[in-house]
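Trainee: turn this into a model:
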Amino acid sequence: KATTPRNDDPATASRPFDRGRSGFVLGEGSAVFVLETLANARARGAHIYAEIAGFASRSNAFHMTGLRPDGIEMAHAITTAMAQAGTSATDIDYINAHGSGTKQNDRHETAAFKRSLGDYAYRVPVSSIKSMIGHSLGAIGSVEIAACVLAMENNVVPPTANLHEADPECDLDYVPLVAREHRIDNVLTVG
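Mentor: Predicted structure coming up:
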């Protein structure tokens with residue numbers, strides 16, 4: 001089951017990384033970006049919000065809808081994107097998690113961060129905006145990029161709402177309940 005049955009409590013239904021989570025909440029939204037070369041942006045005097053420094057994607061044949069619990073595919077995507085960007089784990093200032101609120105995904109993702117970032121995974125703030133806006137499926141990637149850009153622009157890590165009691169297997173700094181001021185130059189987004 002992917003979606004939560006908590007329809008009678010919409011404000012707290014989305015609970016990524018929480019022990020009591022029960023699936024994701026459908027959301028809606030969209031974002032559009034203008035991508036251009038750095039030279040063109042500078043030539044026209046544009047405000048440069050962010051640079052996409054690296055990208056990677058992976059798939060698995062583990063199960064039709066299932067994820068490996070060790071997070072290996074996501075970890076490979078993370079390390080490939082960091083290599084492409086010329087960054088190391090300690091260059092990451094914030095991680096925008098996929099954080100869907102399903103037990104399988106949240107545990108897979110936590111394992112992937114630990115596998116790809118090592119001990120640094122315990123020191124970097126991680127959060128899920130899906131806890132506040134739901135999961136807009138195909139549109140969520142662009143919405144989360146917008147949130148990451150705003151986080152960098154304002155040096156504020158968005159919180160993971162409704163995270164009152166962390167799942168013991170999700171033991172990273174998931175920024176529970178309250179936004180946090182934090183200098184952010186580099187974001188890893190896996191949303």
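Trainee: what distance do you get for the residue positioned nearest the centre of the chain to T12?
Mentor: Closest to where the C-alpha atoms of the chain average out (C-alpha atoms, centre = their mean) is A97, at 1.9 Å. Going from A97 to T12 by C-beta to C-beta, to the nearest Å gives 18 Å. Quick note: C-beta positions are derived from backbone N, CA and C, even for glycine.
Trainee: same thing with S127?
Mentor: 16 Å.
Trainee: contacts only, for the residue lying closest to the residue nearest to the centre of the chain once chain neighbours are set aside.
Mentor: In space, and not counting its chain neighbours, A97 is closest to S128: 4.7 Å by C-beta to C-beta, 6 or more residues apart in numbering. Residues counted as contacts of S128 (C-beta atoms under 8 Å, 6 or more residues apart in numbering) are 16-17, 96-101, 160, 174.
Trainee: need those residues in JSON lines with distance to M152 and pLDDT, can you?
Mentor: Supplementary listing: those in JSON lines, determined by distance: C-beta to C-beta, whole Å; pLDDT from 0 to 100:
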{"residue": "P16", "distance to M152": "21", "pLDDT": "96"}
{"residue": "F17", "distance to M152": "22", "pLDDT": "96"}
{"residue": "N96", "distance to M152": "11", "pLDDT": "98"}
{"residue": "A97", "distance to M152": "16", "pLDDT": "98"}
{"residue": "H98", "distance to M152": "19", "pLDDT": "95"}
{"residue": "G99", "distance to M152": "18", "pLDDT": "94"}
{"residue": "S100", "distance to M152": "23", "pLDDT": "92"}
{"residue": "G101", "distance to M152": "25", "pLDDT": "92"}
{"residue": "T160", "distance to M152": "18", "pLDDT": "98"}
{"residue": "Y174", "distance to M152": "19", "pLDDT": "98"}
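Trainee: please consider this matter closed, and thank you.
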